[in-house]
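*Asks:* just the structure for this:
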Amino acid sequence: MVSKAWAVQVVERHLAGWPAAGGPKMVVTHVDPHRLGWVVSSQSERYVRTRAFLDMVVGHGPFLVDGVDGSLHMVHATIDLEDGEWIEDYLEQVRGLDRDDPLRSRVAELLDSGHRLDALRLVRAAAPDLGAQGAKEYVEAVAAGAPVPEGVRARLPRPPVGRRVWRRLSDSNPEP
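*Replies:* From the prediction side, this is the model:
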């Protein structure tokens, strides 16, 4: 896991480039642990010093420093940091983890109760693009407790992705 001190350094390096773009000098104001890494908040240095509303920079969200590789991401200001589908999207797109397959658990229940034909029907209804052979391969993989073959998994319906609420700002920043 990336340390808190390293997460702050990663964000401070990024913030050092902001005044060159004509904006106010930004400083780190708060750091919180998160299940994905570290959430680092920032604000204008002038606001931190004066607490005058007119000196506040508004509309920007916190930074997320990934706890695994130290990559830096900007998170939208309006999201719930602890919950939400954005976390599954992040895990899938940044870390390459597979989403949970709700169809698999239902198929496993049907197989456990001896309803193999119902399991096949369920797969055919939920994923019509698989066809009979693909549905059979899916059910057999679940029955064997094995991963679903990649050719079958690629044809499964994917949940719609809502608006993207995070943006990658840097690649991996491993600690020295």
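*Asks:* please make it C-alpha for all contacts and neighbour counts, starting now.
*Replies:* Will do.
*Asks:* three-state assignment of residue 30?
*Replies:* Counting by DSSP: H, G, I helix; E, B strand; the rest coil, the backbone at residue 30 sits in strand.
*Asks:* count of neighbours near it?
*Replies:* Residue 30 sits with 12 neighbouring residues when counted by other Cα atoms under 10 Å.
*Asks:* which non-adjacent residue is nearest it?
*Replies:* Nearest in space to residue 30, with sequence neighbours left out and distances taken as Cα to Cα, 6 or more residues apart in numbering, is residue 41 at 5.1 Å.
*Asks:* remind me which helix or strand the most centrally placed residue in the chain belongs to.
*Replies:* The chain has residue 90 as the residue nearest its centroid, 1.5 Å off, counting by Cα atoms, centre = their mean. Element membership of residue 90, judged by DSSP states H and E, is helix 85-93.
*Asks:* distance between that helix and the chain's centre?
*Replies:* Put simply, helix 85-93 sits 3 Å off its chain's centre (Cα atoms, centre = their mean, to the nearest Å).
*Asks:* same check, this time on stretch 51-62
*Replies:* Mean C-alpha position of stretch 51-62 versus that of the full chain (Cα atoms, centre = their mean) differs by 26 Å.
*Asks:* give me the mean pLDDT for it.
*Replies:* Averaged across stretch 51-62, pLDDT comes to 92.
*Asks:* need the contact partners of it.
*Replies:* Among residues not part of stretch 51-62, those counted as contacts by Cα atoms under 8 Å, 6 or more residues apart in numbering are 39-44, 46-47, 74-78.
*Asks:* so residue 26 sits against residue 48, correct?
*Replies:* No - counting by Cα atoms under 8 Å, residue 26 stays clear of residue 48, with 9.4 Å between them.
*Asks:* between these two, which one's more packed in?
*Replies:* Just comparing residue 26 and residue 48: by other Cα under 10 Å the higher neighbour count belongs to residue 26, 21 against 16.
*Asks:* kindly report the domain assignment for the protein.
*Replies:* Split into domains by automatic domain parsing, the chain comes to 4-98+162-168, 102-153.
*Asks:* I'd like the ones you listed as a markdown table, with distance to residue 175 appended.
*Replies:* Formatted as a markdown table, the domains of the chain follow (distance: least, Cα to Cα, whole Å):
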| stretch | distance to residue 175 |
| --- | --- |
| domain 4-98+162-168 | 7 |
| domain 102-153 | 34 |
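*Asks:* among those, which comes closest to residue 176?
*Replies:* Nearest of these to residue 176, taken as Cα to Cα: domain 4-98+162-168 at 9.2 Å.
*Asks:* for this structure, which element, helix or strand, carries the lowest mean pLDDT?
*Replies:* helix 85-93 (a mean of 85; mean pLDDT, DSSP states H and E).
*Asks:* buried sites along it?
*Replies:* Within helix 85-93, the residues scored as buried using 16 or more other Cα atoms under 10 Å are 86, 87, 88, 89, 90.
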